[in-house]
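>>> Kindly generate the corresponding structure for this input.
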Amino acid sequence: MNRYRFVVVLLCAGVIAAVVIFGFSVTTKRRLDVAVAGLVAKGEMLLGNRPPKWAEGDRQDEATGPPDPGKSRDNATAAYNSFFGGHEPAWKDPSWIDVDKAICRHPNTWTDAERATVAAFMGTNREVILALRRLAESGGPVYELDYSNYNAIEVPHLIYFRLSARLLAADAASHAGDADYSESASDFVAGMKLADALGKEPLLISQSFRVQMSGYLYNAVEACMQGDKMSPELYGQIVGHMSNSDSREALARAFIGEGIAGLDAFERIRNGESDIIGPLASRWKIDGRLVRAYESPFARPWLNADEETFAEAIVKIGDAARLPYHEAKRLAEEVNKMVQALPRTRLLSRRLLADLDLPLAQEAAHEVRMDLLRIGLAVEQYRARNGAYPPALDAIAPILSGVVPLDPFSGKPYVYEIRDTGFVLCSADTGVMGAANAYNLIRFPDERPHGSIAWRGQR
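Next up is the predicted model:
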C-alpha cells in the first residue's frame, strides 16, 4: 500500500513538474519571440536582411588562403580574391620580414637603414602598390562570409587586408620622407578605402581589423606629412574619407550581425545539432554536459530565457555603438553590470556578452586618431596661410567644413596648446591609456591630465 502511494505521489509530482515546465516554456518563449523580433528588425534596418550564406561549395578553409575567384558571385569580391591570390609572393619576399618589423613601429622610430630597406622594397614592388590603389576603388563586398557556423566563421582575408594597410602606410611614409606628398596622399586614401570596404562586414573582428588598418595609416601621416607643406587640395583629398559617424554605424552593424549569427547558435543547440557543443565548450572552458543539457526539453525555459537576455543586450549595445563614446559608455556599463549579475543558468549569455565594451573603446580611439589627423593638419594649414598657429581651434572651423569635432571620450573640445616649439593637440581624457598603447600612439607622460592620444606634439 505504501509502495502504491509512493508511485502515485511520484506520478503526481511528475505531472505537476511537467505542467510547470510547460507553462514556464510557453511564457519564456513568448518573451523570447519579442526579443528576437526586436533584434531581427534591427538587423533588417541596418543590414538589409539576414547575413547571406554561401553555397556549400563556396566555403573556404582559412589555411588555404583566399577562396577561388572562380567561385565568387560578386565582381568586387572576385577582384579582391584575384589580387590577393596573384600578389601574395610580395609578402613572401625575404626582405619583407625586415620591412614588416619597421612598419609595425611608428615611422618616427625608423633608422636610416630601415628607411632605405623600406624604400628599396617599395620600389621593387611598385606594381603591387599601384594595384592596391586600383583595387581600393572597387569598394566591396570583399569576401563571401559563411554564417552557417557562428563559432567558426572563416575570415582568411583579414590578414591580407592588414598586410595591405601596412604596405600602403610604409609607402606613404617613404614618399613623405622625400616630400612627395601627392603619392603619400594616394596611399593614405587607398588604405582608408580598403578599411572602409572591410568595415562593411557585420563582424566585430572585421571592425577590429579596420581600426588596426587605420592606425597604421594614421601613424604614417602623423609622423611624416606636414600640413603647412601640403596644398589645400591634398589636405581635402586626405580628410575626405574620415566619417566618424559612418564608422560608428559600421560597428553598430557588426554588433547586430554578430547578434543575428548568435541566434543561430541557440537554434542549433535547441535542435540538438551536437557539432556545436564541443567547440563552444572548448572555447569557453566549460563542461560540455552543461551545454548539452540545454538540448533537453526540460531545460527549454532556461535556454529561452538565456537567448532572450542575449538578444536584448545585443540590441542595447548596438544602439550604444551609434553614440559618441562618452554616451555609449554608460549604456555599455549597464550591459556589463547586467551580465555580471546574470544567474549561472544564463550559460551562453554570460560568455557571449562578455567584454562588449572593448570594441566601443577601440572605435573611440579610432575616432580620436581621425579627428586629430584632420585637426592637426588643419592647424598647420592655418599657419601656412597666416604665418602663425590659430589662437584657438574655432579659428580652423572653416577649413573643417565649419565644425571642429569634439573628443568622443569626453564630449568636450580637444586640448590645444601653443608652445614655443610648436603645439600640443590631444585627447582631453586620461582614461584611454589602454587604447592608446594598443595602437602605438604617442604618449605624453608630462602632459597629465591632458590625455594620452596626441597629434605630433612638441617639435
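
>>> wait, Asn403 sits on Asp394?
Rather than Asn, residue 403 is Val. No: using C-beta atoms under 8 Å, Val403 is not in contact with Asp394, being 10.4 Å away. (C-beta placed from N, C-alpha, C; glycine too.)

>>> Would you mind telling me which of the two has more residues around it?
Between Val403 and Asp394, counted using other C-beta atoms under 10 Å, the more crowded position is Asp394 (11 against 7).

>>> Tell me the secondary structure at the closest residue to the more buried one other than its chain neighbours.
Take Asp394 and drop its neighbours on the chain: the residue closest to it by C-beta to C-beta, 6 or more residues apart in numbering is Val404, 6.5 Å away. When classified by DSSP: H, G, I helix; E, B strand; the rest coil, Val404 comes out as coil.

>>> any idea how far Arg456 is from Val404?
Taking C-beta to C-beta, to the nearest Å as the measure, Val404 and Arg456 are separated by 17 Å.

>>> between these two, which one's more packed in?
Each of Val404 and Arg456 has its neighbours counted (other C-beta under 10 Å); Arg456 has more, 23 against 20.

>>> And the pLDDT for that one?
If you check Arg456, the pLDDT there is 72.

>>> For the helix or strand Glu308 falls within, list every residue counted as buried.
Assessed by DSSP states H and E, Glu308 sits inside helix 300-321. Within helix 300-321, the residues that count as buried by 16 or more other C-beta atoms under 10 Å are 300-318, 320-321.

>>> Can I get the helix or strand just after it in CSV, CA atoms only?
Scanning forward in sequence from helix 300-321 by DSSP H and E, the next helix or strand is helix 325-340. Extracted as CSV, the C-alpha positions of helix 325-340 are listed here (Å, rounded to 0.1, in the frame of the first residue of the first chain):
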residue,chain,number,x,y,z
TYR,A,325,31.8,57.1,-26.6
HIS,A,326,31.1,59.3,-23.5
GLU,A,327,27.4,58.5,-24.0
ALA,A,328,27.8,54.9,-25.2
LYS,A,329,30.0,54.1,-22.2
ARG,A,330,27.0,54.5,-19.8
LEU,A,331,24.9,52.0,-21.8
ALA,A,332,27.8,49.6,-22.1
GLU,A,333,28.3,49.8,-18.3
GLU,A,334,24.7,48.9,-17.8
VAL,A,335,25.0,45.9,-20.0
ASN,A,336,28.2,44.8,-18.2
LYS,A,337,26.5,45.1,-14.8
MET,A,338,23.6,43.1,-16.1
VAL,A,339,25.9,40.4,-17.5
GLN,A,340,27.8,40.2,-14.2
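
>>> Mind checking what helix or strand follows helix 325-340 in sequence?
Moving toward the C-terminus from helix 325-340, the next helix or strand (DSSP H and E) is helix 349-352.
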